[in-house]
Structures are given as C-alpha cells and as structure tokens.
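Visitor: Sequence first, then the predicted structure, then my questions.
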Amino acid sequence: MFRPKIRGFIAAAAMLAASTSFASADITVGFMTGYTGPGASIGIPYGRGIAAAMAYLDTIGGQKIKLVQMDDGGDPSAAARNTRKMIEEEKVDILIGTSGAPGTLAMAAVAVEQKTPMIAISPIPPVATGDGGPWVVSIPQPPTLMVSAVVEQMKKNGVKTVGYIGFTDAWGDLVYDALMKAAEPAGIKVLTNERYARADTTVTAQTLKIIAARPDAVMTGGAGTPGALPFLALKERGYRGPIYGTHALINPDFIRVGGAAVEGVLAPTGPVIVAEQLPDSNPIKKISMDFRAAHLKANNMPATDAFSAYSFDGWLVFADAAKRALANAQPGTPEFRAALRAALFTTKDVVGTHGVYTYTPAGLYGLDERARVMVTLEKGQWKLMQ
C-alpha cells in the first residue's frame, strides 16, 4: 500500500534531478577555423583569438561556457561536415567561425538549415535566411566599408586609374565588387580584374597584364600569406606605383613573406591594430588593450594580427546575446537557440576591438565608420595614417 507513495517520491526526485541538471547546463559554443591547410596563416590567429576570449570570459550569468573546436583545413566541404557534426552530435547552442569566406558560407548554409545561430568571423556576402528571418551575423567590417576608405585615400593621392588583382573565390569577388562600387563616383577607373587561387605559387601572367595597363595604383584582394604574392611579383617586375590592400592582410606572416615588397602598403583595418596610437577618449582603446592582455595570457605571445581580434569580438557579441537569452530559456534547448538568435539581432552598442557592434534583422553587418582606420607599413610595423 506504500508503493504509490514510493513511486511518487521516486518520480519527484527524478524531476528534481532533471531540473537541477537542466538549470546547470553549460552554454556550448562550436568554434571552427582552418588550423591547417592553405589558409592556416590566418586560421591559427583566429584560434588564438578564441583562446584569448575564453581567458577573458568563461562564464555568463552563472553558466559555464563549454567550447567545442574543430579544424576545417580551409576546405568548405569539411566546414559544412564539421558544422553538421557540432550541431547534431555536440549539441552546440551557437556557432563561431571560420577562416576564409568560402568555408564561412558553407558553415552558414548548415547553420540556417539547422536553425542554429552563427557568428561569422570572416567577411561574407548576405546569406539565405531561415524560418522567420536570418540566423547569421558577421563580425568583420564589410568590404564596402573598408574599400571605400581605400578609395578615399586613392582620391587624396591623385589616383585616376587602378589595376585589380584578387583571389578567385568569394573574397576576391567581394573586394572587386566593393572597388567597382566606390571607384566610379570617385572618378577612378578600374583597368583590370586579374585573379589567382589561394594555393597558387605564381601570378606572373596576371601582373604582366596589370603593368601593361599602366595603372596609377594597384588594389589587391588577397588575404594572409597568399596575399603577399602580387606584391612580390609586381615589385620584381619593376612596378613602382602605390599598392593598396584590405584588412585581410593585417597579419605578421604577410609581412614576413612579403618582406621589402610589402613595405609601404596602404590598407584599412580595425582600430585594435594601432590601439596604443589611439586617443584615450576612444572607447575602443580600453577593450583593445584588455584583449592584448588576454591574448598574451592565453597564448604566451603578443597579438600582432587583426584576425585573432575578430574571434574575440565575436565572443563579446555572443556573451552579450547569451546574457539576455538566459532570461528566456536554458542552454541545450531549441528555445535557447531561438532566444540567442533573437538576442543577436537586437545587439546594441557592444564595444569591441574592431568597432562598436549593433545588429538588426535587416543586415548581416553591425559596424560603422568607427570600425576603420587607414594604416601603412613602415619598417615592418603598422602606423596610423592621420
């Protein structure tokens, strides 16, 4: 006659245990980058940035953060497979990744399909939306924002014609499209549209065509170590005009490989690269210095690139959204993923190392002009242009 009471007690205990476990569930973040492969020179810094982020903040609203990391080797197919594995097997609440636009697009496609919010750390074009709206925000400055700063500098320098050489992939397209959009209103004519693959070892034919066109300047649409190839080829063949790049070149390996050929390159970047040169009144300066300290602590080396800071900023945006999402749902559930997604697209004035982030459902990007400065390379060091 005591069995119903016993069963009731057991059921109540089980419910209590389940609710206690549920309440203490970790927030699981799936992070991916190309630690290996042709883009490792930027993929590895992304990984260092996420390590700095964990050293800076590993708990949100009393909930511990569990980090699941995977290497896609710079392969978009691997990026898609890994994303699906992190969602289906690791049950991640949110995704952050990856190095390179092609892999990021592949990752985003799976994120949207699986209704998992994602923070992209490589610049990408708009992606398809899922049920009820978008699932992906992008941390890096949009190419249009950064290339327009380059074109403004070209105009100041009296450039009338420019040759273009960039990657054959989505990043090369993004830079070229942004250049075409900004150049014509500035009275600058784009003379060439030369391309090369990230794994190529020579761009001789492309640079000869550019030199034959006799442009006043050259704009490059590369990234990381492979981004140095056009500089080396142009200098080797006697080109003496100014060469411009994008924020995708801000990397010590680019400087190491390019050597004297990349000296004097002009490029836009986020304020973090020249944080110590910023006035104390700039709100980005403090968090940038905090990032540098966290990077040194986590990696036992200073931060000398732009990519690690993108991962760090992605973490800051995630943390802000997660704190608000926890008021509506618990980690490990579809409801929490939906709450995180909603919180991401109501992000307002989160101060990061590259800029101040505000997102709405109407746009993938969350940065404005505060996220860009022009720098030049002098004796291997990036200097703020006044």
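Guide: Nice, thanks for sending it over.

Visitor: ok, the closest residue to residue 160 other than its chain neighbours - contacts?
Guide: Excluding its sequence neighbours, the residue lying closest to residue 160 (Cβ to Cβ, 6 or more residues apart in numbering) is residue 216, at 5.5 Å. To be clear about C-beta, it is placed using only N, CA and C from the backbone, and glycine gets the same treatment. The contact partners of residue 216, taken as Cβ atoms under 8 Å, 6 or more residues apart in numbering, are 158, 159, 160, 161, 162, 241, 242.

Visitor: try it again with 6 Å
Guide: 159, 160, 161 (Cβ atoms under 6 Å, 6 or more residues apart in numbering).

Visitor: How much space separates it from residue 151?
Guide: 13 Å (Cβ to Cβ, to the nearest Å).

Visitor: quick one on the thing from earlier: pick the one among the contacts of residue 216 closest to residue 260.
Guide: Checking the contacts of residue 216 against residue 260 by Cβ to Cβ gives residue 159 as the nearest, at 22.6 Å.

Visitor: from what I can see residue 357 touches residue 366, true?
Guide: Yes: counting by Cβ atoms under 6 Å, residue 357 does reach residue 366; the two are 4.3 Å apart.

Visitor: neighbours around residue 280, how many?
Guide: 7 (other Cβ atoms under 10 Å).

Visitor: Ignore what I typed, I meant residue 373.
Guide: By other Cβ under 10 Å, neighbour count at residue 373 equals 23.

Visitor: do you know how far it is from residue 293?
Guide: Counting by Cβ to Cβ, the gap from residue 373 to residue 293 is 21 Å.

Visitor: before we move on, back to that, can I have the buried ones of the contacts of residue 216 as a ChimeraX selection?
Guide: Selection of buried members from these for ChimeraX, criterion 16 or more other Cβ atoms under 10 Å:
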select :159,161
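
Visitor: Name the residues that touch the one helix or strand residue 155 maps to?
Guide: For residue 155, the host element (DSSP states H and E) is helix 143-156. For helix 143-156, contacts defined as Cβ under 6 Å, 6+ apart pick out 123, 174-175, 178-179, 182-183, 186, 188, 244, 246-247, 268, 372, 374.

Visitor: try 8 Å this time
Guide: By Cβ under 8 Å, 6+ apart, the list of residues contacting helix 143-156 reads 123, 162, 174-175, 177-179, 181-183, 186-188, 217, 219, 244, 246-247, 266-268, 365, 367-369, 371-372, 374, 385.

Visitor: Flag the shaky bits of the protein, pLDDT-wise.
Guide: Along the chain, the model assigns pLDDT under 70 to residues 1-24, 130-132.

Visitor: Three-state assignment for the spatially closest residue to residue 133 that is not a sequence neighbour, please.
Guide: Leaving aside its sequence neighbours, residue 133 sits nearest to residue 361 (Cβ to Cβ, 6+ apart; 5.0 Å). Here residue 361 is recorded as coil under DSSP: H, G, I helix; E, B strand; the rest coil.

Visitor: cool, residue 267 as well?
Guide: strand.

Visitor: Pull the number of nearby residues for the nearest residue to it once chain neighbours are set aside.
Guide: Spatial nearest neighbour of residue 267, excluding adjacent residues (Cβ to Cβ, 6+ apart): residue 245 at 4.2 Å. The number of residues packed near residue 245 is 28, by other Cβ under 10 Å.

Visitor: list the contacts for residue 245?
Guide: Residue 245 neighbours (Cβ under 8 Å, 6+ apart): 219, 220, 222, 227, 265, 266, 267.

Visitor: Since that was my last question, I'll sign off now.
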